[in-house]
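Asker: The following comprises the amino acid sequence and a computationally predicted model.
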Amino acid sequence: MIIPLHPRLSEAQERELTEVAAEFNVRIQPIHGAERSIYAILGDETVQELITRIEGLPYIERIDRIQSPFKLMAKESKLSKHQIAVGKRMIPGDFCVIAGQCTIDPKNKNFFLETSHAVKEAGADMIRGGVWKPRTSPHSFQGDARCLEFLLEAREQTGLQINTEVMDFEQARICIDAKVDCLQIGARSALNYRLLQEVGRLTKGTDIRVLLKRGMHMGPVSEFILAGEYIVAQGNPNIMLCPRGTMPPLEGYRNHPDESITPLLKEKTWAPVVVDPSHSVGKAVFVPHASLAAAAYGADGILIETHCQPKKGVGDDPKQAVTPDMLGHIIRECREIHSRVQKISKVAQGA
Ligand code: PEP
Ligand code: MN
């Protein structure tokens, strides 16, 4: 729906608008009210070039689109019933937990294996472990490619699936060759559209999942969903959206917690939402609260940094990893909350 700047377009303006529309095989239908006129677009209004051309006309205030700008991520798309397996959980539906160390320490393989067994014991469905790390400072530990072997060993020993972050094409290819079950695209890469496309393309037709973090400077939820659309458009629908806090931070937290966008995402897209409470609040003592809040907001799961001995960890682990014992408590409470949320959602939707 096109809203003009002034109550009504002049004849010349309406003619120009109609000509632009004709270039894109759509028509313009004026709707004249007593005070104002608005102009409907009849035809496919998802074509961005058409929208940009109309928005560029100086006498147009804005366009309110009726059709979703997401072709594949939209709740009404042909993927609307798509579910993703995380271990034995199917999401949306079940509540899944991806847990493990922020960073795998190349000098401490045993810590990682111990953590992996412990998260399994606590009820996690997938192990996380950072091999390559995006660090704010180039002088911080950047991860170590050799740690991929430890991650594969943890899968072998526990039977759990594994998740790790990839930052470039080469890392993506290495992980795909190693059949890593879930590739994480981090907050810093969430707007790297070439990487999103390449990961989507390389994982097409496989059952490799992609966990896409929300960029820390992302604005409207549509920007996040469209980033996901880049992956799905290349042929991999096994995508999870992961709010992880945005900038600027809420004083005292690492970021501004954003688990509350979960219902907004779910209103617009079928893609499951797996919240990262660890990077959101950034302090182990707050993580249980943020985890339960995520479940209460209707998340389909959490990605949670856990370490068998957080104080001896590297990367974010000394600050934000919870212990496996705490993880067990969080998982039990979250699963309880998740089932209650499913009941209340049905009531809210009038089912
Ligand atoms: C991480 O998961 O350890 C990480 C670096 O996450 P983010 O991209 O959200 O900062
Ligand atoms: Mn981390």
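Answerer: Now that the structure is in, tell me what you want to look at. Ligands and ions are numbered 1, 2, ... in the order given.
Asker: mind listing the helices for the protein?
Answerer: If DSSP state H is used as the criterion, the helices of the chain fall at 11-23, 48-55, 109-122, 147-158, 169-177, 193-203, 221-233, 262-268, 277-281, 287-296, 317-320, 324-348.
Asker: Quick check: nearest residue in space to the residue of the stretch 201-350 of the chain found nearest ligand 2, chain neighbours excluded?
Answerer: Nearest residue of the stretch 201-350 of the chain to ligand 2 (CB to the ion) works out as residue 316 at 3.6 Å. Where C-beta positions appear, they are placed from N, C-alpha and C, glycine not excepted. Residue nearest to residue 316 in three dimensions, not counting chain neighbours: residue 102, with 4.0 Å by CB to CB, 6 or more residues apart in numbering.
Asker: contacting residues around that neighbour?
Answerer: Shown in contact with residue 102 (CB atoms under 8 Å, 6 or more residues apart in numbering): 130, 133, 278, 305, 307, 313, 314, 315, 316, 317, 320, 321.
Asker: ok, now which ones touch the residue of the stretch 201-350 of the chain closest to ligand 2?
Answerer: Applying CB under 8 Å, 6+ apart to residue 316 gives the contacts 102, 103, 278, 279, 282, 305.
Asker: export those to JSON lines and tack on pLDDT and distance to ligand 2?
Answerer: What follows is these, written out as JSON lines (pLDDT from 0 to 100; distance: CB to the ion, whole Å):
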{"residue": "102", "pLDDT": "98", "distance to ligand 2": "3"}
{"residue": "103", "pLDDT": "98", "distance to ligand 2": "7"}
{"residue": "278", "pLDDT": "98", "distance to ligand 2": "6"}
{"residue": "279", "pLDDT": "98", "distance to ligand 2": "6"}
{"residue": "282", "pLDDT": "98", "distance to ligand 2": "9"}
{"residue": "305", "pLDDT": "98", "distance to ligand 2": "6"}
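Asker: For the residue most central in space within the chain, give its distance to residue 270.
Answerer: Centroid check for the chain by CA atoms, centre = their mean gives residue 241 as the closest residue, at 1.9 Å. Distance, residue 241 to residue 270, by CB to CB, to the nearest Å: 10 Å.
Asker: Repeat that for residue 194.
Answerer: Taking CB to CB as the measure, residue 194 and residue 270 are separated by 25 Å.
Asker: Then residue 334?
Answerer: Remark: distance between residue 334 and residue 270 (CB to CB) = 21 Å.
Asker: repeat for residue 350
Answerer: In terms of CB to CB, residue 350 sits 20 Å off from residue 270.
Asker: ok, now residue 187?
Answerer: As for residue 187, its distance to residue 270 is 23 Å (criterion: CB to CB).
Asker: Which residue of those two possesses the greater neighbour count?
Answerer: Neighbour count, other CB atoms under 10 Å: between residue 187 and residue 270, residue 187 has more, with 24 against 21.
Asker: is it true that residue 18 touches residue 28?
Answerer: Yes: under the criterion of CB atoms under 8 Å, residue 18 makes contact with residue 28 at 5.2 Å.
Asker: higher neighbour count, the two?
Answerer: Between residue 18 and residue 28, residue 28 has the larger neighbour count (other CB under 10 Å), namely 20 against 15.
Asker: wouldn't the more buried one be in contact with residue 14 here?
Answerer: Yes: counting by CB under 8 Å, residue 28 does reach residue 14; the two are 7.4 Å apart.
Asker: so what sits against both of the two?
Answerer: Taking CB under 8 Å, 6+ apart as the contact definition, residue 28 and residue 14 share the neighbouring residues residue 39.
Asker: how about the residues of the stretch 251-351 of the chain near ligand 2?
Answerer: residue 316 (CB under 5 Å from the ion).
Asker: circling back: quick check: which of the helices of the chain is nearest to residue 36?
Answerer: Residue 36 lies closest, by CB to CB, to one member of the helices of the chain: helix 11-23, at 14.1 Å.
Asker: Residues of the chain that sit close to ligand 1?
Answerer: For the chain, the contact set with ligand 1 under CB under 6 Å from any ligand atom comprises 102, 130, 134, 186, 187, 188, 213, 244, 276, 279, 316.
Asker: List the buried residues for stretch 203-218?
Answerer: Within stretch 203-218, the residues that qualify as buried by neighbour count (16 or more other CB atoms under 10 Å) are 203, 208, 209, 210, 211, 212, 213, 214, 215, 216, 218.
Asker: which of those lies closest to ligand 1?
Answerer: Relative to ligand 1, the closest of the buried residues of stretch 203-218 is residue 213; by CB to the nearest ligand atom it sits at 4.3 Å.
Asker: Hmm, that closest one is touching residue 191, no?
Answerer: No: applying CB under 8 Å as the test, residue 213 and residue 191 come out as separate, 10.8 Å apart.
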